[in-house]
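>>> no sequence on this one, just coordinates:
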């Protein structure tokens, strides 16, 4: 899936920058998943210890067997959280081309977001103190008409913002070229009035 954006390029379009979500996006799901797994394992151990009657024999009472099933379900849920974070991070990619900003989300069901560079009016940048330390942040692209598209957990957000701004300037310069050429081709009108 790494080449999906390249397959959607138009003739003459080139990828200038390709990015992905920062590892901290996956990290938060991993931490929560490991916490759920740890609590589930502690629950299983405590239940097994409670079944131990003080001798070398383990009590055969199955009155509270549902606790084991609940803890096992917690382990599966924790693994699911870890897998979900990894899946979302690996299935989200974005690119800046010489014509547009493109973001692809999903592997099976794909959602493409495309914003032509000439329609972007403002590039907003958000970064907390912790995100500055981790080199991550959020980029918000505000287009004509006030529509906005925000990408959170961007890796190297300063670099991404600079690439977008540079391509916006280049796009603007290309649009101004025909106007400049027309101005040069039109002869200057003289303000002198003939004395005849």
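On my side now, so go ahead. Predicted model, so just to flag it, every value in this text is computed and none were measured.

>>> Quick check, central residue of this structure?
Nearest to the mean C-alpha position of the chain, by Cα atoms, centre = their mean, lies residue 21 at 4.4 Å.

>>> Name all residues that make contact with that one.
88-89, 92, 153-155 (Cβ atoms under 8 Å, 6 or more residues apart in numbering). C-beta here means a position set from N, CA and C on the backbone, and glycine is covered the same way.

>>> I'd like to know how far it sits from residue 94.
Residue 21 is 9 Å from residue 94, where distance means Cβ to Cβ, to the nearest Å.

>>> picking that back up, of the contacts of residue 21, which is the nearest to residue 108?
residue 88 (12.6 Å; Cβ to Cβ).

>>> coming back round to it: now the contacts of residue 21 as JSON lines including distance to residue 26, pLDDT and neighbour count?
Rendered in JSON lines, the data for the contacts of residue 21 read as follows (distance: Cβ to Cβ, whole Å; pLDDT from 0 to 100; neighbours: other Cβ atoms under 10 Å):
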{"residue": "88", "distance to residue 26": "8", "pLDDT": "83", "neighbour count": "17"}
{"residue": "89", "distance to residue 26": "5", "pLDDT": "83", "neighbour count": "19"}
{"residue": "92", "distance to residue 26": "11", "pLDDT": "86", "neighbour count": "19"}
{"residue": "153", "distance to residue 26": "9", "pLDDT": "90", "neighbour count": "22"}
{"residue": "154", "distance to residue 26": "14", "pLDDT": "89", "neighbour count": "26"}
{"residue": "155", "distance to residue 26": "12", "pLDDT": "87", "neighbour count": "17"}
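
>>> What about these, which are in helices?
88-89 (DSSP state H).

>>> Now render the contacts of residue 21 as a markdown table, adding distance to residue 42.
Below are the contacts of residue 21 laid out as a markdown table (distance: Cβ to Cβ, whole Å):
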| residue | distance to residue 42 |
| --- | --- |
| 88 | 28 |
| 89 | 28 |
| 92 | 34 |
| 153 | 31 |
| 154 | 37 |
| 155 | 35 |
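
>>> Report how many residues lie close to residue 17.
17 (other Cβ atoms under 10 Å).

>>> my bad, should have said residue 116
13.

>>> And residue 170, by the same measure?
Counted with other Cβ under 10 Å, the neighbours of residue 170 add up to 13.

>>> Quick check: closest non-adjacent residue to it.
Nearest residue to residue 170 in three dimensions, chain neighbours excluded: residue 98, at 7.0 Å (Cβ to Cβ, 6 or more residues apart in numbering).
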